[in-house]
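Undergrad: got a sequence here, can you model it:
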Amino acid sequence: MSYENFAKLITYFRKLQEADLFPIVAVTGPLGQGKSSFSIQASKWYCKTYLNEEYFSFRKYMAYDNEDVLKKYYNLDEFSPLIADEAARFAMSEDWNKAINKEVKKATAQLRPRHLLFFMNIPQFTWLDRKYIDELVSLWAWIPTRGYVFIFRPDNNLGIRDRWHLKDFGKFRYRIDQFTDVERIFNLVSNHKCFFDVFKFPPVPQDIYAEYLNLREKKTFLQASEQFVEQRDIAKIMAYNLKYKWAAFLEAVKSQKQGGVNPTYRTIAKQLLKDPIKKRQMVGYVTLHKWVNEVAGKIPEQVILDKIPEEEAII
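TA: The predicted structure is shown next:
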């Protein structure tokens, strides 16, 4: 089956980049209808067409949390694609005040010169923080049913408060679900002020999709497990590692990239918070950073200065 129009969409993405823009594509739709498939195929076709990469690397171009997004923001080559497969982890409106979310948002607003092609997968468009909706998202890819993506562009006229005219979607006379005929959906949304076009996109090959599911499971399992491990068990494991892995911990501190005598959060997480039985890291270093800040926030500053020598402080 020919996907000529889908190829044109990839070309359009590239033209936005070449116009000195940072195309941020919010990819939304019901669970299981193809948000990840669309982002993967769009990125895969893009890499093949413009980067001469036949193999699409999930580890290189896909991020699952704040720190991964930030790392790839600054380390990916210019004109690279980037998929935030769980954008809800950093871009949801209810989490707008978290420090790491603010950092990601600030970086997103400043990185136009890198010309990345950024896909943000999230079930509902309105779940996004208002700054993304009102200022940062440049295209909205809506997938109401498998294999079809409806593209919307914002209305940037002066004085427009709702540049996506979201209220107009509530005026449709008919309901839409994953079984609604594509032609009927087109007839409903084609007159919307922000409607751009609709494209049929190819399914992800089974072997590639299996690789994606494997990576997603590993990434999300580690993050989910952090929320359910008993704090007492974490304390026990850390005490065990301090007792029996002290030499390895000191060696890791000496060899860490940041240098210095103080352990970084990453070193602490890898060396002291690794389950010696299951052989897996129990807590990510962003979570560890949050824990330390929570404790530090409860201790008067003068007490910290009086009781903790500078060379022993955790960085």
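
Undergrad: wait, residue 152 sits on residue 143?
TA: No. Contact criterion C-beta atoms under 8 Å: residue 152 and residue 143 do not qualify, at 12.0 Å. Where you see a C-beta, it was placed from the backbone N, CA and C, and this is true even at glycine.

Undergrad: mind checking how far residue 183 is from residue 190?
TA: Using C-beta to C-beta, to the nearest Å, residue 183 is found at 10 Å from residue 190.

Undergrad: how far away from the center of its chain is the helix or strand in which residue 41 is found?
TA: For residue 41, the enclosing helix or strand under DSSP states H and E is helix 35-50. Mean-position distance between helix 35-50 and its chain equals 16 Å (C-alpha atoms, centre = their mean, to the nearest Å).

Undergrad: tell me the buried residues in it?
TA: Neighbour counts over helix 35-50 (16 or more other C-beta atoms under 10 Å) mark 35-47, 50 as buried.

Undergrad: now swap in stretch 281-299 and tell me
TA: Quick answer for stretch 281-299 (16+ other C-beta under 10 Å): 281, 282, 283, 284, 285, 286, 287, 288, 289.

Undergrad: nearest to residue 72 among those residues?
TA: Ranked by distance to residue 72 (C-beta to C-beta), these are led by residue 286 at 14.7 Å.

Undergrad: I figured that closest one hits residue 66, correct?
TA: Yes. Contact criterion C-beta under 8 Å: residue 286 and residue 66 qualify, at 6.3 Å.

Undergrad: so which helix or strand takes in the closest residue to residue 50 other than its chain neighbours?
TA: Nearest residue to residue 50, sequence neighbours excluded (C-beta to C-beta, 6 or more residues apart in numbering): residue 14, at 5.9 Å. Residue 14 belongs to helix 4-18 when elements are defined using DSSP H and E.

Undergrad: give me the helices and strands touching that helix, please.
TA: Helices and strands touching helix 4-18, as assessed by 3 or more C-beta pairs under 8 Å, 6 or more residues apart in numbering; DSSP states H and E, comprise helix 35-50, strand 117-121, strand 195-200.

Undergrad: what is the subsequent helix or strand relative to the longest one?
TA: Just to be clear, that refers to helix 35-50. Along the chain past helix 35-50, the next helix or strand (assigned with DSSP H and E) turns out to be helix 58-61.

Undergrad: and residue 285, what does it touch?
TA: Counting by C-beta atoms under 8 Å, 6 or more residues apart in numbering, residue 285 touches 67, 264, 265, 266, 268, 269, 270.

Undergrad: now compare these and name the two farthest from each other.
TA: 67 and 268 (14.8 Å).

Undergrad: so which of those two has more stuff around it?
TA: Using other C-beta atoms under 10 Å, the more surrounded residue of residue 67 and residue 268 is residue 268, with 21 against 18.

Undergrad: so that one makes contact with residue 291?
TA: No. Using C-beta under 8 Å, residue 268 makes no contact with residue 291, being 10.2 Å away.

Undergrad: contact partners for residue 143?
TA: Contact analysis of residue 143 by C-beta under 8 Å, 6+ apart lists 27, 28, 29, 33, 34, 35, 38, 149, 150.

Undergrad: leaving out sequence neighbours, find the closest residue to it.
TA: residue 29 (3.5 Å).

Undergrad: hmm, that neighbour is touching residue 144, no?
TA: Yes. The pair residue 29 and residue 144 passes the contact test of C-beta under 8 Å, sitting 6.1 Å apart.
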